[in-house]
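A.B. asks: Prediction below, plus the sequence it came from.
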Amino acid sequence: MPPAPLPVILDVDTGVDDACALLLAARHPALDLRAVTCVAGNAPLDLVVANTLTVLDVAGRHEVPVAAGAGRPLLEDPADARHVHGRDGMGDLGRPRSARVPQPVHAVELLRSQLMAAARTGEPITLIPLAPLTNIALLLRTYPAVAQGISRVLFMGGSASTGNATASAEFNVFHDPEAAAIVLDACAALGVPVTMYGLDVFYEPQVTAAQAGELIAADPAGPAGLAGELIAYQCARFESQSATIGDAGAVCAAIAPGGIVTRTLPVRVELSGRHTRGRTVVDQRDPLTHDPHGRPDAVVDVAVDVDGAAFSRLWLDTVGFHTVGGGC
Ligand code: RIB
Ligand code: CA
């Protein structure tokens, strides 16, 4: 008998590659997608919610509860990334808007109810934030008891090397550094394991423009077609023959943890440097014998390598119903 599907919740700022992640989580039989929560990030919150509902509609997952959360970072001014993700935040693909509305509760309340229910049934949930960590910081500080219902936080964010929003910082952490610092601190205090799927692996799983074309041809109006359009948008935007599946790689890591290599390392979030604010300072000294700042509380499983070809294939097979051939 196959193992029971892994219960997961995604926290998203949909977002072209968040949409790739949602399609995978919505359609893979090894996952039980319990809820999706939304936060401002790649686009303002109203667009993030609309995009998220659209993707779930296309994926045929109308029953998955969606809630809107924080409309801005804790301290930073809001600054979206529509210069990358399009005016509507999801590639301006012209897909029909969902008729569905989000749950009439804040994302933090939807997370709390789902996680406390999971704690009661003894079936903890893998929480997969793919966005600025504002909702998750508010959750863990407001309702620390939810930790009993979380098996792991597997987040897309940060970098042990270079950034993308700045030379130092990855977008999700740069957008709300205080939230990221709070989440790492709270997880350490509450004993919640954390995996960081950061920029060190983010760009590795690639899908070609030709494969995107096959997806679109296979099922233009359905999930495969949307998946293909998302990749094609990125290829055009970056004038490239392939594009990363981005946030979807973190979902792949939940489905196939053997596809990433992790190192368990201390991580701090830089909160003050003018040019380094939002950097995840990953301490790779070996041996680490002394630090004048003291040892950081947060020790994180940092993804340092990924089987990009395997993750691309996993994504293509799931969103494309095994219709797409070729490699990258
Ligand atoms: O920095 C990578 C992040 O920014 C991802 O979450 C993705 O959505 C991108 O826009
Ligand atoms: Ca994202």
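C.D. replies: Cool, the structure landed. Ligands and ions are numbered 1, 2, ... in the order given.
A.B. asks: contacting residues around the residue in the stretch 201-328 of the chain positioned nearest to ligand 2?
C.D. replies: Closest residue of the stretch 201-328 of the chain to ligand 2, C-beta to the ion: Asp247 (4.7 Å). In short, each C-beta sits where N, CA and C put it, glycine included. Contacts for Asp247 (C-beta atoms under 8 Å, 6 or more residues apart in numbering) come out as 12, 15, 17-18, 20-21, 130, 156.
A.B. asks: if you set the cut-off to 6 Å instead, what comes out?
C.D. replies: 17-18, 21, 130, 156 (C-beta atoms under 6 Å, 6 or more residues apart in numbering).
A.B. asks: same deal with Ala40?
C.D. replies: Applying C-beta under 6 Å, 6+ apart, the residues contacting Ala40 are 71-72, 78.
A.B. asks: excluding its backbone neighbours, what's nearest the residue in the stretch 101-250 of the chain that ligand 1 sits nearest to?
C.D. replies: Nearest to ligand 1, among the residues of the stretch 101-250 of the chain, is Phe171, at 3.6 Å (C-beta to the nearest ligand atom). Nearest residue to Phe171 in three dimensions, chain neighbours excluded: Ala165, at 4.3 Å (C-beta to C-beta, 6 or more residues apart in numbering).
A.B. asks: Secondary structure element for Leu33, which one?
C.D. replies: Using DSSP states H and E, Leu33 sits in strand 31-38.
A.B. asks: so does that strand get close to ligand 2?
C.D. replies: No: Strand 31-38 lies out of reach of ligand 2 by C-beta under 5 Å from the ion, never closer than 10.7 Å.
A.B. asks: centre of the chain versus that strand, how much separation?
C.D. replies: 12 Å (C-alpha atoms, centre = their mean, to the nearest Å).
A.B. asks: Note down every partner strand of that strand and its orientation.
C.D. replies: Paired strands of strand 31-38, with direction, are strand 6-12 (parallel), strand 66-68 (parallel) (DSSP bridges).
A.B. asks: looking at those, which is buried most?
C.D. replies: strand 6-12 (a mean of 25; mean count of other C-beta atoms under 10 Å).
A.B. asks: what's it in contact with?
C.D. replies: Here strand 6-12 has contacts from 18, 25, 31-37, 52, 125-131, 135, using C-beta under 6 Å, 6+ apart.
A.B. asks: Buried among those residues? Need that as a selection in PyMOL.
C.D. replies: Only the buried entries of these go into this PyMOL selection, using 16 or more other C-beta atoms under 10 Å:
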select buried, resi 18+25+31+32+33+34+35+36+37+52+125+126+127+128+129+130+131+135
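A.B. asks: Alpha carbons of stretch 166-178, in CSV - could you do that?
C.D. replies: Output of stretch 166-178 as CSV, limited to C-alpha atoms (Å, rounded to 0.1, in the frame of the first residue of the first chain):
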residue,chain,number,x,y,z
THR,A,166,20.3,42.7,-4.0
ALA,A,167,23.8,41.4,-4.3
SER,A,168,23.4,40.1,-0.8
ALA,A,169,19.8,39.2,-0.3
GLU,A,170,17.2,36.9,-1.8
PHE,A,171,13.8,38.5,-2.5
ASN,A,172,11.6,36.7,0.0
VAL,A,173,14.0,37.5,2.9
PHE,A,174,14.9,41.0,1.6
HIS,A,175,11.2,41.9,1.4
ASP,A,176,10.6,41.2,5.1
PRO,A,177,13.8,40.6,6.9
GLU,A,178,12.3,40.9,10.4
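A.B. asks: List the buried residues for it?
C.D. replies: 168-178.
A.B. asks: And stretch 140-154, by the same measure?
C.D. replies: For stretch 140-154, by 16+ other C-beta under 10 Å, it's 140, 143, 146-154.
A.B. asks: what separates it from the chain centre, distance-wise?
C.D. replies: The answer for stretch 140-154 is 17 Å, by C-alpha atoms, centre = their mean.
A.B. asks: cool, stretch 227-238 as well?
C.D. replies: Put simply, stretch 227-238 sits 18 Å off its chain's centre (C-alpha atoms, centre = their mean).
A.B. asks: For it, which outside residues touch it?
C.D. replies: 16, 19-20, 23, 91, 93, 207, 209, 212, 215-216, 243, 319.
A.B. asks: so, in contact with ligand 2 or not, it?
C.D. replies: No: Stretch 227-238 is not in contact with ligand 2 by C-beta under 5 Å from the ion; minimum separation 12.5 Å.
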